[in-house]
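Visitor: show me the folded form of this:
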Amino acid sequence: MNKYPRHLTLQELEFLFRTETDTDFGYMSALSEGDAALEAQAQVESTWDDAIVYEWNKALNAETSSSQKYPYLLCHTGQNMSGYDRRRALAAAIKSTQPESDSEIYLHVLYNKDDSLCVFSQLYASVAINMLGDEYVVQPVLSSLKMMEGSADEMKAKFHDMTSEKTSPTRIDIGLCPGVDVAAQRNEMDNTGSSFEKEEEDLKGVNDIAEAITTMLLSVESESLAETSPTSFLPLSQEIYLTSDAFIDQTTPSRAQMWADLLDTYLSSGICDETYKTRLTWNGHRSNRPDLFPSQMQVVYNNAGETETDSGCALVLLLAISANPDVCSVEVQKVATTHNHNAIFLTESEIVDVTPFVTEGIDGTNEVVAVSDSGLDIDNCYFFDPDNDAAVGTSTGPREEIDLSHRKVVQYIPHVDSMDYQFGHGTHVCGTVAGKRFDGKGAADGIAPGAKIALIDLGKVDGPIFVPSDRNILLNTGRPYAKIHSASWGSKFNRYSAQTRFFDQYMFENDDFLIITGAGNDGYDEDNEIFDVPNTVIDPATAKNVIAVGAQDSWGSSLVSGANGPAFVAYYSSRGPAADGRMKPDIMAPGFWVLSAGAQPDQKGECDSDPIPERPKGRGGLAGMSGTSMATPVVSGSAAKIRQWFRDGYYPSGMKNSDHAVPNPSGALIKAVLMNGAQPLLGIDNVAQGGGITRTMPYDNNQGFGRLSLQDSVYLHGKTNVQLKVWDRESVADGGTNNYDVTIDKSNGCQAEDLSVTIVWMDPGSAVGCMECLVNDLDLSVSFGGIAHYPNGRRSPDRKNNVERVIITGVQHGETATISVNAHNLIAASQMYALVATACFGGVANKLEGENAFASQSAAPPTSPAPSTSDESRIISKLSGGKGGLLRQQR
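Guide: Numbering: from 1, shown residues only. Presented below is the predicted three-dimensional model:
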């Protein structure tokens, strides 16, 4: 091994990202061998070392025979350097040995912490093998390192039940390696194997990669197609060390044996040839930021006519994709499913039936909210436009073009169909966001009744959601008018996926945009009667830049028997953290029996019923539903009102003033405002299910920052609790610090006792499967009374989250605090952010009166810090024996 650069051990890889490597090589199984564990672990690591040598030799031969580059994971462990400095050092090291013809060097970040930076790159083997300095780790990206953990099991599960009707094709997300570019989406192979002409000859193209993979899959009899392969590859069995002739081991891991058996049964026999030729559809999506984010491909496996051989054919396809050197990540797409009167006052004022924002006219007017869901009954009275019905659609179907003249629905994209089912999920969600009766006030007006809806229809029935293979179609719904996207759906997957990465990258590249998602409904395991189940927040709510919404109990008639009220987390609401330890959910909103619009696809003009439907039934044009799906549009509608508040010039005076208009606040600012004002919930209400009350704390993985509270988020003169100061689209240089002074002013009667400060930045998309997903690390601290206060209940900086809040209680008139934003560790020269502070800043007191729904339950946010030893420091200590960072171990 001396002639090769240092590579990562399986133990080190376990804490960088989660892939199929552990299972393929049997690492975790070796750890469970009892007294023989050390010997078994040594054997597995020895097999891993042999696999690395095999990969080096394969890459060197491919460079010689066909000038093919291979993917590598490069780590830089230089001391006292930021990620930006390490990234430049890696680029310089590559540049010093890379051929002159390759001027662009692309490095995509997997891990960026104080101890080291790890990035993906695609290089010639002759370049990578010469990175021999002590500060470098050069890890060839083997096939199993490309597959997200659980991919093989997920693929098997797709075809397990031969008796059920398959309603959704199997989709595989493919992340291409840095620098591998593809032409536009229509450069694709159709299901007959024919191809469209490439748009740009300098791009590798979907055709070339798809054809190379398909050629590798076809049996040896398919000579004619094999001769057209654009790249020379070994037979598939020899591309993978564990299935190759070079692997001779008496203790073959069971997964490695599975792959070998699959290749023997399905590949050499040719029984899958017809499937690979006719049932695969490939497409590609070009990256807008190739310096940060990979281009993508997706292959759709048509399940129609499925037989017992399909499971094996699909698994071999998965292996062939991962063996392609232009591919850096592979993931089997999970099935996504869909998971008001009381809600308005609970989020606006807390006082029963008092809605100061809507009364003021801050109701989402001139805002468009995009919604992706099961469909929308556009002739329900909460959406119907009697003067402009044809603007949305006719009997021949909806119109995809945006028409802002329609009263409610400005766009309807029929991705799946053009309707909703009876009392459907999508109609209810849209009604909660922006429903408003065309003939006056209704029993189920939405949170932002003045806003409009742009909808993309993703489902037929209450179940699977069909996300477009080009996710730009999904997130471009309503654009450029829609600045908020409400997504009350997801898949039961807690890790960082290709979809999660796309959501994060889209918001990073479109800074006026904010996605709000449901956290999921799996906090209670009903089958096993287990309460408070952790790590159940779903994809894409695990994304860094979204607002992931959990559900709190509601109030009055919306409560189930025995429930304790709106100061408590709903028993079903999914819990965090995300797989890499980030705080989730982010915020809470009412989600118990929310009354909203009810779809009646066979009727026209259905409206309020008499009596109003009881939970959980629907009647007339109304329906009551529960779930984080219902809490999500509450936050989405509130975000629309915050945007209008800025655009109409309410900042900073709390009174409308067009001279003060902020025409296009960033998505980070809207998120910061909402989360800065969130208030703590007291516990988890498991009582109605036979449990008790589980106590909670702010910033825990039950409630995140707490419940949505507009009266603690922005200033309406005499109608809310606080005033605020904001700094939007600020920039801080790597290693630099920005300082802001704020002075408490209670001279006009403001009575708020706390200073709350929140920073939000849109972080670039991370690597699929990452276990340290934060890329750019900013630090918020507030100096007050000679003491430095750190965010999120900690005694030290937060190294995981890209939302940080400091709350200081008991601040007095005339006192000054200094807010500091430090760019602790970036991969770029700078990072933009939004900063919000609320307190008494010269405003008047809240003069609203009435019955407070939280009066008997309210409590101030505790400020006790988290334990001094964080989960992150314990992990690093475990890896390095307590003597340094993640990659300090030397062999």
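Visitor: for residue 489, see how far away the residue lying closest to residue 338 once chain neighbours are set aside is.
Guide: In space, residue 338 comes closest to residue 425 once its chain neighbours are excluded; the distance is 4.2 Å by Cβ to Cβ, 6 or more residues apart in numbering. Quick note: C-beta positions are derived from backbone N, CA and C, even for glycine. As judged by Cβ to Cβ, to the nearest Å, residue 425 and residue 489 stand 8 Å apart.
Visitor: where do the contact lists of the two overlap?
Guide: 338, 373, 629 (Cβ atoms under 8 Å, 6 or more residues apart in numbering).
Visitor: got a winner among these for most neighbours?
Guide: Using other Cβ atoms under 10 Å as the neighbour test, these are led by residue 629, with 31 neighbours.
Visitor: so residue 51 belongs to a helix, correct?
Guide: Yes - according to DSSP: H, G, I helix; E, B strand; the rest coil, residue 51 belongs to a helix.
Visitor: what pLDDT does it get?
Guide: pLDDT, residue 51: 93.
Visitor: could you do the one 10 residues further on as well?
Guide: Looking at residue 61, its pLDDT reads 92.
Visitor: got phi/psi on the residue nearest to residue 338?
Guide: In terms of degrees, to the nearest 10, the main-chain angles of residue 425 are phi -60, psi -50.
Visitor: so what's the residue count around it?
Guide: As a burial measure, residue 425 scores 28 neighbours (other Cβ under 10 Å).
Visitor: and it, what does it touch?
Guide: Residue 425 touches 338, 373-374, 459, 462, 488, 625, 629, counting by Cβ under 8 Å, 6+ apart.
Visitor: which ones among these map onto helices?
Guide: Residues of the contacts of residue 425 located in helices (DSSP state H): residue 629.
Visitor: farthest pair in the contacts of residue 425?
Guide: Farthest-apart pair in those is 459 and 625; separation 15.1 Å (Cβ to Cβ).
Visitor: which one's more surrounded, these two?
Guide: The residue with more neighbours, out of residue 459 and residue 625, is residue 459; 27 against 23, by other Cβ under 10 Å.
Visitor: nearest residue to the more buried one in space, please, no chain neighbours.
Guide: residue 374 (3.8 Å).
Visitor: could you check how far that neighbour is from residue 338?
Guide: Remark: distance between residue 374 and residue 338 (Cβ to Cβ) = 6 Å.
Visitor: which residues do those two both contact?
Guide: Common contacts of residue 374 and residue 338 (Cβ under 8 Å, 6+ apart): 425-426, 459, 462, 465.
Visitor: output these in TSV; the columns should cover distance to residue 493 and pLDDT.
Guide: Output for those, formatted as TSV (distance: Cβ to Cβ, whole Å; pLDDT from 0 to 100):
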residue	distance to residue 493	pLDDT
425	20	91
426	22	92
459	18	87
462	20	58
465	13	82
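Visitor: out of the residues you listed, who's nearest residue 280?
Guide: Within the shared contacts of residue 374 and residue 338, the smallest distance to residue 280 is 22.3 Å, found for residue 465 (Cβ to Cβ).
Visitor: what's the spacing between the helix or strand where residue 427 lies and its chain's center?
Guide: According to DSSP states H and E, residue 427 maps onto helix 425-434. Offset of helix 425-434 from its chain centre (Cα atoms, centre = their mean, to the nearest Å): 22 Å.
Visitor: with stretch 711-726 instead?
Guide: 30 Å.
Visitor: which positions within that stretch qualify as buried?
Guide: 711-717, 719-726 (16 or more other Cβ atoms under 10 Å).
Visitor: on that earlier part again, which one of the shared contacts of residue 374 and residue 338 is nearest residue 657?
Guide: residue 426 (37.6 Å).
Visitor: identify the residues contacting the closest residue to the closest one other than its chain neighbours.
Guide: With Cβ to Cβ, 6+ apart as the criterion, residue 426 has its nearest non-adjacent residue at 3.3 Å, and that residue is residue 373. Counting by Cβ under 8 Å, 6+ apart, residue 373 makes contact with 338, 425-426, 429-430, 455, 457-459, 465, 487-489.
Visitor: which one of these has the most neighbours?
Guide: Counting by other Cβ under 10 Å, top hit in the contacts of residue 373: residue 429 with 35 neighbours.
Visitor: surely it touches residue 634?
Guide: No - applying Cβ atoms under 8 Å, one finds residue 429 not in contact with residue 634, separated by 10.1 Å.
Visitor: flag the shaky bits of the stretch 351-500 of the chain, pLDDT-wise.
Guide: The stretch 351-500 of the chain contains residues with pLDDT under 70 at 389-399, 461-463.
Visitor: can you put the contacts of residue 373 in TSV and add distance to residue 354?
Guide: Shown next, in TSV, are the contacts of residue 373 (distance: Cβ to Cβ, whole Å):
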residue	distance to residue 354
338	32
425	30
426	30
429	25
430	25
455	31
457	36
458	36
459	37
465	37
487	30
488	27
489	32
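Visitor: ok, the residue nearest to residue 338 to residue 528 distance?
Guide: 26 Å.
Visitor: in a strand, residue 503, correct?
Guide: No - under three-state DSSP, residue 503 sits outside any strand and is assigned helix.
Visitor: for the stretch 601-750 of the chain, which spans come out with low pLDDT?
Guide: Residues of the stretch 601-750 of the chain meeting the criterion pLDDT under 70: 614-617.
Visitor: tell me where it has strands.
Guide: 618-619, 622-625, 683-685, 693-695, 723-733, 737-743 (DSSP state E, counting those that start in this stretch).
Visitor: nearest to residue 77, out of those?
Guide: strand 723-733 (23.5 Å).
Visitor: return the distance of that closest one from the chain's centre.
Guide: Centre-to-centre, strand 723-733 and its host chain are 24 Å apart (Cα atoms, centre = their mean).
Visitor: count the residues that sit near residue 265.
Guide: There are 14 residues near residue 265, going by other Cβ under 10 Å.
Visitor: correction: residue 551
Guide: With other Cβ under 10 Å as criterion, residue 551 counts 31.
Visitor: doesn't it fall inside a strand?
Guide: Yes - counting by three-state DSSP, residue 551 is part of a strand.
Visitor: check it and give its pLDDT.
Guide: pLDDT at residue 551 comes out at 94.
Visitor: quick one: residues contacting it.
Guide: Taking Cβ under 8 Å, 6+ apart as the contact definition, residue 551 lies against 519, 521, 569-570, 572-573, 588-592, 626-628, 630-631.
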